[in-house]
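Novice: turn this into a structure:
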Amino acid sequence: MTFASLQTQKQRTVAPVAVTDRTRAMAAFSLGCDSFWKGDYQTALTQFDTAVELAGDDARFWYFKGLSEKALGIDDAIDSLARAVTLDLEAAPSAKRQISESLQRIQGRLRLQLLRARQQMQKLHRTVENITDKVAMN
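Specialist: Numbering: from 1, shown residues only. Alright, predicted model coming up:
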């Protein structure tokens, strides 16, 4: 077998890489983070909106969407952050680690606000679970 025929055979057996919505969402999230850390919150928000549209089950996307909205003075920031915290609470341990890593650079007053929001949502979730349990028992 010649090199040319081996190369042709190899080209036929390599399947194209499928670009999934999750892959596109992660790319948008990455671009959004770059813009966010540069202080370009409008561009960041556009990228985070794309990430959320493609894969809205990732708390990181919602956290940074909400943080960008907050930086721009958009009222929907609280809804985005509430969604982020809800997804965060429901996340698997490996996802929680990724969420924490993505938020490490958030410090100061904003970090404290995020921590308080997470604690409040945890309390709310526990209250809802208790009510649901009581209703189920009746």
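Novice: correct me if wrong: A55 contacts F61.
Specialist: Yes - between A55 and F61 there is a contact under C-beta atoms under 8 Å: 6.9 Å. C-beta: built from backbone N, CA, C; applies to glycine.
Novice: so which elements touch the helix ranked longest in the chain?
Specialist: Looking across the chain with DSSP state H, the single longest helix is helix 108-137. Using 3 or more C-beta pairs under 8 Å, 6 or more residues apart in numbering; DSSP states H and E, the elements in contact with helix 108-137 are helix 77-90.
Novice: and for the helix it packs on, what's in contact with it?
Specialist: The contact list for helix 77-90 (C-beta atoms under 8 Å, 6 or more residues apart in numbering) reads 57-63, 65-67, 69-70, 96, 99, 114, 117-118, 121-122, 125.
Novice: now the helix or strand just after it: mean pLDDT?
Specialist: Downstream of helix 77-90, the next assigned helix or strand under DSSP states H and E is helix 93-103. Averaging pLDDT along helix 93-103 gives 91.
Novice: show me where this protein dips below the pLDDT cut-off.
Specialist: 1-18 (pLDDT under 70).
Novice: switch the cut-off to 80
Specialist: Low-confidence segments of the chain (pLDDT under 80): 1-19, 117, 121, 125, 138.
Novice: one step back: between A55 and F61, point out the one with more neighbours.
Specialist: Per other C-beta atoms under 10 Å, whichever of A55 and F61 has more neighbours is F61, with 29 against 18.
Novice: dump the strand or helix carrying the more buried one to PDB, keeping only the CA atoms.
Specialist: In this assignment (DSSP H and E), F61 forms part of helix 59-72. What follows is helix 59-72 as a C-alpha-only set of coordinates in PDB (Å, rounded to 0.1, in the frame of the first residue of the first chain):
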ATOM      1  CA  ALA A  59     -25.600  28.100  36.300                       C
ATOM      2  CA  ARG A  60     -22.300  29.700  35.200                       C
ATOM      3  CA  PHE A  61     -24.000  31.200  32.100                       C
ATOM      4  CA  TRP A  62     -26.800  32.600  34.200                       C
ATOM      5  CA  TYR A  63     -24.500  34.000  36.900                       C
ATOM      6  CA  PHE A  64     -22.400  36.000  34.400                       C
ATOM      7  CA  LYS A  65     -25.500  37.000  32.500                       C
ATOM      8  CA  GLY A  66     -26.900  38.500  35.700                       C
ATOM      9  CA  LEU A  67     -23.700  40.100  36.700                       C
ATOM     10  CA  SER A  68     -23.500  41.700  33.300                       C
ATOM     11  CA  GLU A  69     -27.100  42.900  33.500                       C
ATOM     12  CA  LYS A  70     -26.300  44.300  37.000                       C
ATOM     13  CA  ALA A  71     -23.300  46.200  35.700                       C
ATOM     14  CA  LEU A  72     -25.500  47.700  33.000                       C
END
